[in-house]
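Q: structure for this input, please:
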Amino acid sequence: MKNQFTTKIKTSMVLLAAALIAMITPSAGTARPPSATPTATLLASGLGGTQGSTVGPDGALYVTENLEGRIWRVDRETGQVTTFARGLPAGLFGIGNGGVVDVAFIGKTAYALVTGVASDSGGTSVVGIYRVDGPERFTVVADIGDFNLLNPPTIPFHFDLPTGFQFAMETYRGGFLVTDANLNRVLRVTLDGEISVFIDFENIVPTGLAVRGNTIYMAEGGSDPHLPQTGKVVSFGPKSSTVTQVASGAPWVLDVQFGLGRSLYALSFGTFDPNTESLNLAVPNTGALVKVNGDGTFTTVMDGLDQPTSLEFIRGTAYVVTLTGEIWRIDGVSGPPFGPTP
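A: Alright, predicted model coming up:
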């Protein structure tokens, strides 16, 4: 600095830059990190009923929108949103109530998971996995609804939809694993349409999935009222009849994913309020990204998220999809692995 005038100019520029950053940074009420390290940026918004997601072979995010039966492609750098596919069965009862709920790729081919659109929901479409053959062309490769009608749960609990309510799918050994949050089980589905029960549960509400080697990690939403002690991450293998609890303590856990290295993270939908009209929705801005600790607990990485449903990781960056039509990029997320390398 050569003189006081130069010092004043530089000080003013710093203050102006700080003010601009404050204007474009998400408010603490929407997403606030527990420390100065992780930072949240709104990548995209205005989408209708976004629920499931995946990272495509081109490195972009692919996100499902249940209200319009659409799959969006989202550029991770610019946030530009374009239609990848449309014309899939749409949800019949508004946001978060069926339609296309998840998407996954095998090679360069995309597959969509569709639920809550059959006759038991008042619809006429197939509940199952659709192959995306073009922007508006699809082929049903697995009729999960018909399988569920013929093979109801053997463990006694109340369920509303005989065709089930599938939540998420994960690629597995050339096919898929699919969670059913209504019939409380995980199905194995092959590309030639063969379906089998992989593992079944009591009323624990299985949701998101992640696979590492021979181990499957699964999120549990927990039954109403979705208390923190019933929000869990569990693990099991291909021949398991029971699960191993990995962590618990966050309400309404909807997804689980590996981050940098072997660090494991989960997504909490938020706090359940039984007095609200929409019992399938969390209280706004109570969701959180949490890290799985080696002692079976969770540590909050970012809270204040508005009904987050799906999580993806690319190195140390998390991408969070919310039911309210937003996609957030959370940078600076990293940490030690939660357990030994398999």
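Q: buried stuff in stretch 59-66?
A: Buried positions in stretch 59-66, judged by neighbour count with 16 or more other CB atoms under 10 Å: 60, 61, 62, 63, 64, 65, 66. Heads up, the C-betas are built off the backbone N, CA and C, glycines and all.
Q: and if you look at stretch 114-133?
A: 114-118, 120-121, 123, 125-132.
Q: can you give me the strands for the stretch 1-150 of the chain?
A: 39-44, 50-55, 61-65, 70-74, 81-86, 99-106, 109-115, 128-134, 137-143 (DSSP state E, counting those that start in this stretch).
Q: likewise for the stretch 151-300 of the chain?
A: 166-172, 175-180, 185-189, 195-200, 206-212, 215-220, 232-236, 244-248, 253-258, 264-268, 287-292, 298-305.
Q: what would those look like in CSV with mean pLDDT, distance to residue 321 and mean neighbour count?
A: Below are the strands of the stretch 151-300 of the chain laid out as CSV (pLDDT from 0 to 100; distance: least, CB to CB, whole Å; neighbours: other CB atoms under 10 Å):
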stretch, mean pLDDT, distance to residue 321, mean neighbour count
strand 166-172, 98, 12, 24
strand 175-180, 98, 16, 25
strand 185-189, 98, 21, 22
strand 195-200, 98, 25, 17
strand 206-212, 97, 11, 22
strand 215-220, 98, 14, 25
strand 232-236, 98, 18, 22
strand 244-248, 98, 22, 18
strand 253-258, 98, 9, 26
strand 264-268, 98, 9, 28
strand 287-292, 98, 11, 26
strand 298-305, 97, 10, 20
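Q: include distance to residue 322 when you put those strands into JSON lines, please.
A: Below are the strands of the stretch 151-300 of the chain laid out as JSON lines (distance: least, CB to CB, whole Å):
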{"stretch": "strand 166-172", "distance to residue 322": "15"}
{"stretch": "strand 175-180", "distance to residue 322": "19"}
{"stretch": "strand 185-189", "distance to residue 322": "25"}
{"stretch": "strand 195-200", "distance to residue 322": "29"}
{"stretch": "strand 206-212", "distance to residue 322": "14"}
{"stretch": "strand 215-220", "distance to residue 322": "16"}
{"stretch": "strand 232-236", "distance to residue 322": "20"}
{"stretch": "strand 244-248", "distance to residue 322": "22"}
{"stretch": "strand 253-258", "distance to residue 322": "11"}
{"stretch": "strand 264-268", "distance to residue 322": "10"}
{"stretch": "strand 287-292", "distance to residue 322": "7"}
{"stretch": "strand 298-305", "distance to residue 322": "7"}
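Q: picking that back up, reformat the buried residues of stretch 59-66 as a markdown table; add distance to residue 104.
A: Output for the buried residues of stretch 59-66, formatted as a markdown table (distance: CB to CB, whole Å):
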| residue | distance to residue 104 |
| --- | --- |
| 60 | 14 |
| 61 | 13 |
| 62 | 9 |
| 63 | 12 |
| 64 | 10 |
| 65 | 16 |
| 66 | 16 |
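Q: and of those, the nearest to residue 75?
A: residue 60 (5.9 Å; CB to CB).
Q: is there a neighbour count for the residue lying closest to the closest one once chain neighbours are set aside? I'd like the number.
A: Closest residue to residue 60 apart from its sequence neighbours, by CB to CB, 6 or more residues apart in numbering: residue 73 at 5.2 Å. Applying other CB atoms under 10 Å, we find 17 residues neighbouring residue 73.
Q: which strand residues bridge residue 73?
A: residue 62, residue 82 (DSSP bridges).
Q: contact partners for it?
A: Neighbouring residues of residue 73 by CB atoms under 8 Å, 6 or more residues apart in numbering: 56, 60, 61, 62, 81, 82, 83, 84.
Q: can you list these in a markdown table and add distance to residue 265 and pLDDT?
A: Formatted as a markdown table, these follow (distance: CB to CB, whole Å; pLDDT from 0 to 100):
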| residue | distance to residue 265 | pLDDT |
| --- | --- | --- |
| 56 | 20 | 98 |
| 60 | 21 | 98 |
| 61 | 16 | 98 |
| 62 | 20 | 98 |
| 81 | 24 | 97 |
| 82 | 28 | 98 |
| 83 | 29 | 98 |
| 84 | 26 | 98 |
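Q: farthest pair in the buried residues of stretch 114-133?
A: Farthest pair in the buried residues of stretch 114-133, by CB to CB: 120 and 132, 25.2 Å.
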